[in-house]
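1. The following block contains a protein sequence and its predicted model.
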Amino acid sequence: MPTEVKNGDTVKVHYQAKTEDLVIFDSSTQMEPLVFTIGDGQIIPAFEQALIGMKAGDKKTLDLKAQDAFGEYTEELITTVDKNQLPPTIELEKGQQLQIQEPNGQVLLVKVLDITDSTVTFDANHPLAGKDIKFNIHLIEIV
(Lines give C-alpha, C1' and ligand atoms only; values in the text may rest on other atoms or scores of the structure.)
Protein backbone atom coordinates (compact mmCIF):
# COMPACT_ATOMS: atom_id res chain seq x y z
CA MET A 1 0.00 0.00 0.00
CA PRO A 2 1.66 3.26 -1.09
CA THR A 3 2.14 5.83 1.65
CA GLU A 4 2.82 8.93 -0.50
CA VAL A 5 1.11 9.90 -3.74
CA LYS A 6 3.24 9.45 -6.86
CA ASN A 7 2.60 9.71 -10.58
CA GLY A 8 0.29 6.90 -11.75
CA ASP A 9 -1.47 6.47 -8.39
CA THR A 10 -5.25 6.56 -8.23
CA VAL A 11 -6.40 8.90 -5.48
CA LYS A 12 -9.63 9.75 -3.72
CA VAL A 13 -9.93 13.40 -2.66
CA HIS A 14 -12.43 15.85 -1.30
CA TYR A 15 -11.90 19.41 -2.42
CA GLN A 16 -13.43 22.85 -2.36
CA ALA A 17 -12.64 25.42 -5.04
CA LYS A 18 -13.08 29.17 -4.67
CA THR A 19 -12.49 32.11 -6.96
CA GLU A 20 -10.39 35.03 -5.73
CA ASP A 21 -13.57 36.78 -4.54
CA LEU A 22 -14.11 33.70 -2.30
CA VAL A 23 -17.18 32.42 -4.15
CA ILE A 24 -17.26 28.64 -3.83
CA PHE A 25 -17.95 27.32 -7.33
CA ASP A 26 -17.25 23.63 -6.85
CA SER A 27 -17.02 21.26 -3.93
CA SER A 28 -17.03 17.51 -3.48
CA THR A 29 -17.79 17.66 0.24
CA GLN A 30 -21.54 17.14 -0.26
CA MET A 31 -21.08 14.17 -2.58
CA GLU A 32 -18.76 11.28 -3.31
CA PRO A 33 -15.03 12.08 -3.27
CA LEU A 34 -13.34 12.73 -6.60
CA VAL A 35 -11.40 9.67 -7.81
CA PHE A 36 -8.77 9.98 -10.56
CA THR A 37 -5.33 8.77 -11.58
CA ILE A 38 -2.37 11.14 -11.31
CA GLY A 39 -0.97 11.76 -14.79
CA ASP A 40 -4.11 10.86 -16.77
CA GLY A 41 -4.73 14.51 -17.63
CA GLN A 42 -8.35 14.54 -16.38
CA ILE A 43 -7.58 17.20 -13.77
CA ILE A 44 -5.76 20.56 -13.89
CA PRO A 45 -2.04 19.61 -13.96
CA ALA A 46 -1.17 21.90 -11.03
CA PHE A 47 -3.89 20.18 -8.93
CA GLU A 48 -2.38 16.77 -9.77
CA GLN A 49 1.15 17.97 -8.95
CA ALA A 50 -0.01 19.35 -5.59
CA LEU A 51 -1.02 15.83 -4.56
CA ILE A 52 2.42 14.32 -5.24
CA GLY A 53 4.03 13.46 -1.90
CA MET A 54 0.80 13.82 0.12
CA LYS A 55 -0.26 11.02 2.49
CA ALA A 56 -3.79 9.75 3.19
CA GLY A 57 -5.49 12.19 5.54
CA ASP A 58 -3.30 15.15 4.53
CA LYS A 59 -4.91 18.51 3.76
CA LYS A 60 -3.46 21.26 1.61
CA THR A 61 -4.44 24.68 0.27
CA LEU A 62 -3.43 25.35 -3.33
CA ASP A 63 -3.48 28.90 -4.72
CA LEU A 64 -3.41 28.91 -8.53
CA LYS A 65 -2.99 31.89 -10.81
CA ALA A 66 -5.42 31.96 -13.74
CA GLN A 67 -2.85 30.65 -16.24
CA ASP A 68 -2.30 27.53 -14.08
CA ALA A 69 -5.99 26.98 -13.38
CA PHE A 70 -8.47 27.43 -16.26
CA GLY A 71 -6.31 29.70 -18.41
CA GLU A 72 -6.27 33.40 -19.19
CA TYR A 73 -9.33 35.03 -20.73
CA THR A 74 -8.68 35.18 -24.49
CA GLU A 75 -10.45 37.58 -26.86
CA GLU A 76 -9.71 35.18 -29.76
CA LEU A 77 -12.23 32.74 -28.29
CA ILE A 78 -15.08 35.19 -28.94
CA THR A 79 -16.77 34.45 -32.26
CA THR A 80 -19.65 36.09 -34.10
CA VAL A 81 -21.63 33.90 -36.52
CA ASP A 82 -24.52 34.54 -38.88
CA LYS A 83 -27.81 33.24 -37.54
CA ASN A 84 -28.39 31.43 -40.83
CA GLN A 85 -25.44 29.14 -39.91
CA LEU A 86 -27.35 27.92 -36.85
CA PRO A 87 -30.21 25.41 -36.80
CA PRO A 88 -33.47 27.33 -37.35
CA THR A 89 -35.11 25.59 -34.36
CA ILE A 90 -32.52 26.77 -31.83
CA GLU A 91 -33.74 29.37 -29.35
CA LEU A 92 -30.99 31.44 -27.79
CA GLU A 93 -30.86 33.97 -24.99
CA LYS A 94 -28.06 36.21 -23.81
CA GLY A 95 -26.02 34.55 -21.03
CA GLN A 96 -27.13 31.04 -22.00
CA GLN A 97 -24.52 28.27 -22.10
CA LEU A 98 -24.68 25.56 -24.72
CA GLN A 99 -22.59 22.97 -26.46
CA ILE A 100 -21.58 23.46 -30.07
CA GLN A 101 -20.05 20.74 -32.21
CA GLU A 102 -17.28 21.91 -34.50
CA PRO A 103 -16.86 20.41 -37.99
CA ASN A 104 -13.97 18.28 -36.67
CA GLY A 105 -16.33 16.73 -34.10
CA GLN A 106 -14.90 18.55 -31.08
CA VAL A 107 -17.58 19.77 -28.66
CA LEU A 108 -17.19 23.27 -27.18
CA LEU A 109 -19.05 24.76 -24.26
CA VAL A 110 -19.91 28.34 -25.21
CA LYS A 111 -21.79 31.25 -23.67
CA VAL A 112 -24.07 33.52 -25.70
CA LEU A 113 -22.67 37.04 -25.30
CA ASP A 114 -24.87 38.96 -27.72
CA ILE A 115 -27.71 38.46 -30.19
CA THR A 116 -28.62 40.82 -33.03
CA ASP A 117 -31.15 40.45 -35.83
CA SER A 118 -28.61 38.66 -37.99
CA THR A 119 -25.76 37.43 -35.75
CA VAL A 120 -24.97 35.64 -32.51
CA THR A 121 -21.74 36.21 -30.56
CA PHE A 122 -20.36 33.26 -28.60
CA ASP A 123 -17.64 33.13 -25.95
CA ALA A 124 -15.72 29.83 -25.86
CA ASN A 125 -13.56 30.79 -22.86
CA HIS A 126 -13.92 28.53 -19.83
CA PRO A 127 -16.36 30.25 -17.42
CA LEU A 128 -13.49 30.57 -14.93
CA ALA A 129 -10.86 31.76 -17.42
CA GLY A 130 -8.89 34.71 -16.10
CA LYS A 131 -9.67 33.94 -12.45
CA ASP A 132 -7.24 32.91 -9.74
CA ILE A 133 -8.47 29.80 -7.92
CA LYS A 134 -7.94 28.55 -4.36
CA PHE A 135 -8.38 24.81 -3.79
CA ASN A 136 -8.71 23.24 -0.36
CA ILE A 137 -7.67 19.62 -0.89
CA HIS A 138 -8.16 16.68 1.49
CA LEU A 139 -6.54 13.42 0.37
CA ILE A 140 -8.87 10.68 1.59
CA GLU A 141 -6.86 7.71 0.35
CA ILE A 142 -4.54 6.29 -2.25
CA VAL A 143 -6.51 3.46 -3.87
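-> That came through, no problem. Residues are numbered from 1 along each chain as shown.

2. and the gap between residue 40 and residue 86?
-> To residue 86, residue 40 is 35 Å away according to CB to CB, to the nearest Å. Heads up, the C-betas are built off the backbone N, CA and C, glycines and all.

3. Compare these two (neighbour count), which wins?
-> More crowded of residue 40 and residue 86, by other CB atoms under 10 Å: residue 86, with 13 against 10.

4. what ranges do the strands span in this protein?
-> Applying DSSP state E to the chain gives strands spanning 10-19, 24-27, 34-37, 59-64, 78-82, 97-101, 107-115, 119-123, 133-142.

5. in the fifth one, what's buried?
-> What that stands for is strand 78-82. In terms of neighbour count (16 or more other CB atoms under 10 Å), strand 78-82 has its buried residues at residue 78.

6. Can you tell me what sits against that strand?
-> The list of residues contacting strand 78-82 from outside it, by CB atoms under 8 Å, 6 or more residues apart in numbering, reads 113-114, 118-125.

7. Neighbouring strands of that strand in the sheet, and parallel or not?
-> Strand pairing for strand 78-82, using DSSP bridges, gives strand 119-123 (antiparallel).

8. Pull the residues that contact the strand it pairs with.
-> 77-83, 86, 92, 100, 110-115.

9. what residues go with each domain of this protein?
-> According to automatic domain parsing, the chain comprises the domains 10-71+129-142, 75-123.
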